[in-house]
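Student: Let me see the structure of the following:
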Amino acid sequence: MSGPSDRSSRRRFLQGSISAAALVASAGCAGTRRTPASGSPGSNCPVSASIVKSATTSPAEKLNLAFIGVGGKGASALQQFGDTNSNYVAFCDIDSNLLGKAAAAHQGARAYIDFRKMLEQKDVDAIVISTPDHTHAVIAMAAMQLGKHVYCEKPLTHNIHEARVLTEAARKYKVATQMGNNGHARPGLRQLVDWVRSGLIGSVREVHVWSDRPTGWWPQGVP
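Tutor: Residues are numbered from 1 along each chain as shown. A predicted model of the protein is given here:
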């Protein structure tokens with residue numbers, strides 16, 4: 001028979017496993033129209049429900065998610081993570097209109113304007129960061145220092161040094177992390193990287209890149 005400490009340790013392990021599965025699997029699915037479990041057409045989900053559910057055996061083991069930034073990419077994240085067998089427990093945004101809509105759509109979830117206050121809540125297991133780019137590193141660090149698992153939209157940091165600092169923090173605090181860089185995680189791009197590294201296509205002297213931006217995300221701002 002397991003005691004309270006054993007059950008607590010098991011839940012913590014499961015939380016980390018679920019978070020890692022959700023965040024890592026998202027790289028192969030977010031931003032595409034295919035689900036990682038079957039390869040069939042589906043929604044832009046960060047992870048299929050089957051992957052997450054396989055890591056837990058009880059509704060009590062659901063991961064409690066909190067979202068920082070609920071407009072733009074944050075709004076799509078609310079939909080994408082809806083298939084991860086998780087609980088939405090809190091939202092944070094400085095736009096009261098967006099915050100109100102998110103809270104109204106998910107009864108029971110708490111609303112915050114200050115992300116620091118939200119991170120202090122003991123029932124938050126993992127966070128999803130969809131704020132303006134220059135705030136990502138600060139929020140991610142604050143979350144990891146409090147033992148929260150982190151899914152952060154790209155770009156993760158402003159420079160390489162910040163990325164290294166966050167990497168060390170993730171190791172120190174033993175949390176699962178993932179950056180939402182779906183394009184770089186697609187099979188086609190990974191295959192291209194293998195071709196370049198193996199020398200299969202010879203020396204690369206010129207690269208042509210196309211972008212269809214803006215795609216409706218810009219311009220943005222708080223009224």
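
Student: which residues of the protein fall in strands?
Tutor: Assigned by DSSP state E, the strands in the chain fall at 63-68, 86-92, 110-112, 126-129, 149-153, 177-180.

Student: which one of those has the most crowded surroundings?
Tutor: Ranked by mean neighbour count, the strands of the chain are led by strand 126-129 with a mean of 27 (mean count of other CB atoms under 10 Å). C-beta here means a position set from N, CA and C on the backbone, and glycine is covered the same way.

Student: returning to what we had before: mind giving me TSV with the strands of the chain and columns for distance to E162?
Tutor: Below are these laid out as TSV (distance: least, CB to CB, whole Å):
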stretch	distance to E162
strand 63-68	18
strand 86-92	21
strand 110-112	24
strand 126-129	14
strand 149-153	12
strand 177-180	12
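
Student: Of all those strands, which one comes closest to G199?
Tutor: strand 177-180 (28.5 Å; CB to CB).

Student: So for S203, which of the strands of the chain sits nearest?
Tutor: Counting by CB to CB, S203 lies closest to strand 177-180 out of the strands of the chain; the figure is 29.6 Å.

Student: now for the closest one, which elements pack on it?
Tutor: Counting contacts by 3 or more CB pairs under 8 Å, 6 or more residues apart in numbering; DSSP states H and E, strand 177-180 is packed against helix 4-26, strand 149-153.

Student: Return the list of strands paired to it, each annotated with direction.
Tutor: Taking DSSP bridges as the criterion, strand 177-180 sits next to strand 149-153 (parallel) in its sheet.

Student: re earlier: which stretch in the helices and strands packed on strand 177-180 is the model least sure about?
Tutor: Mean pLDDT is lowest for helix 4-26 among those, at a mean of 46.

Student: right, and the strands of the chain - which one's nearest L98?
Tutor: Nearest of the strands of the chain (CB to CB): strand 86-92, 8.8 Å.
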